Structure formats: structure tokens, C-alpha cells
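# what follows is a protein structure lacking sequence information:
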């Protein structure tokens with residue numbers, strides 16, 4: 001479901017922040033995977049908009065996904081997105097090195113799910129709009145939602161911020177010595 005969401009929101013996110021609002025030079029979204037955890041990542045880099053503006057507009061976009069991206073979709077639209085993902089997953093490896101790398105990742109992680117791509121493709125065959133809407137509701141609107149916002153703020157220029165650093169909810173704010181990077185630690 002998260003891969004399907006990623007494909008559905010990728011173009012509208014770029015169109016809204018980069019094309020319509022012209023907030024950043026680099027605007028992208030996509031799926032990120034670390035070990036067995038997958039997440040949606042939204043990135044915006046700008047020399048004209050402050051980090052607060054970018055964060056605010058990104059959250060506004062996330063708040064509008066249900067209305068602007070999911071509600072207009074039909075079951076046929078979901079099938080088209082799913083088919084594209086299925087084709088990518090079931091495409092044979094082009095080289096032996098790619099196949100070895102994919103299989104070695106399963107061994108190194110200890111998961112040993114050598115049929116992962118086929119299983120994911122099979123799950124996509126059963127994807128329905130109601131499932132996707134329910135998934136987004138659990139992922140985004142749940143009180144258990146986790147969101148990480150990372151900001152790099154320049155000291156000068158139109159994108160700089162004159163406001164003091166805001167609390168991130170951590171007990172202590174630490175400057176690691178890098179120009180414009182904020183870190184929080186417990």
C-alpha cells in the first residue's frame with residue numbers, strides 16, 4: 001500500500017510545490033526503505049522560501065491528499081497504478097549482478113524472502129480504493145502517526161530565518177557545529 005501511495009502522490013506533490021507555488025528548486029517525494037521499514041519521504045529545497053514556509057506547505061499538501069489525490073481516483077485508476085508497479089516488480093533482472101545483489105540483501109538481512117517481489121506483486125493485484133483510503137487514514141490521521149521534519153536553515157539570504165530555534169519537543173537543543181543545522185537530543 002505504501003508503494004502505491006508513493007506513486008499516487010509523487011506527481012501531485014511536485015506539481016503543487018514546484019510548479020504551482022514555485023517554492024523550491026528541488027521538490028520530490030518517494031518511498032524510502034531502511035531494513036524492513038518503509039516510509040514516504042517528501043523533500044523540498046529552496047533558496048527563496050524559509051524552512052517554516054516549506055514545512056507548512058508540505059503539511060498542507062499532506063492534509064489535502066485524501067481530498068485531492070485519493071477521492072478522485074476510480075478503481076480503474078488504482079488498477080493502472082498497480083499494474084505499473086507489478087510490471088516493474090516482475091521484470092526479470094537484467095544482469096546477474098542485479099540478481100545476486102537482490103538475493104544477497106535477503107541473506108544479509110536474515111529475512112530470506114527470495115520471493116518478495118512476487119509476493120508484493122500478488123498483493124498489488126488485490127489493491128482496492130477502499131483499502132488505500134483506509135491505509136492512508138491509519139498512516140496519516142492516526143494519533144500514532146510519526147513524522148520527522150529535518151530542516152537546514154541558511155544564515156543569510158531570502159530563505160534564512162531570523163526567528164530563534166523552535167523547540168522540537170526534546171529536552172535539550174544541541175548545535176553540532178555545522179552552519180544552520182539543528183539537532184535535538186533527549
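Sure, I can see it. Bear in mind the structure is a predicted one, so any value in this text is a computation, not a measurement. Numbers count the residues shown, from 1 in each chain.
# check what pLDDT the nearest residue to residue 26 once chain neighbours are set aside gets.
Excluding the flanking residues, the one nearest residue 26 by CB to CB, 6 or more residues apart in numbering is residue 45, at 4.0 Å. Bear in mind the C-beta positions are built from the backbone N, C-alpha and C, glycine included. With respect to pLDDT, residue 45 scores 86.
# where along this structure do the helices fall?
2-14, 51-64, 75-90, 96-109, 116-125, 129-136 (DSSP state H).
# make TSV out of the ones you listed and add mean pLDDT and distance to residue 30.
As requested, the helices of the chain are exported to TSV (pLDDT from 0 to 100; distance: least, CB to CB, whole Å):
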stretch	mean pLDDT	distance to residue 30
helix 2-14	91	6
helix 51-64	88	14
helix 75-90	89	13
helix 96-109	86	19
helix 116-125	84	16
helix 129-136	91	16
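# figure out which of these is closest to residue 21.
helix 51-64 (6.4 Å; CB to CB).
# centre of the chain to the closest one, how far?
Put simply, helix 51-64 sits 13 Å off its chain's centre (CA atoms, centre = their mean, to the nearest Å).
# tell me the buried residues in it?
51, 53, 54, 55, 57, 58, 61, 62 (16 or more other CB atoms under 10 Å).
# show me which of those residues is closest to residue 115.
Nearest to residue 115 among the buried residues of helix 51-64, with distances taken as CB to CB, is residue 62, at 33.4 Å.
# how many neighbours does the closest residue to the closest one other than its chain neighbours have?
Ranked by CB to CB, 6+ apart and with sequence neighbours excluded, the top spatial neighbour of residue 62 is residue 140, at 6.4 Å. Residues lying near residue 140 (other CB atoms under 10 Å) number 15.
# which other residues reach stretch 96-114?
Defining contact as CB atoms under 8 Å, 6 or more residues apart in numbering, one finds that stretch 96-114 is touched by 35, 36, 93, 116, 117, 119.
# look at the nearest residue to the third one once chain neighbours are set aside and say how many residues are nearby.
Think residue 93. Spatially, and ignoring its direct neighbours in sequence, residue 93 is nearest to residue 99 (4.0 Å; CB to CB, 6+ apart). Number of residues near residue 99 (other CB under 10 Å) recorded here: 12.
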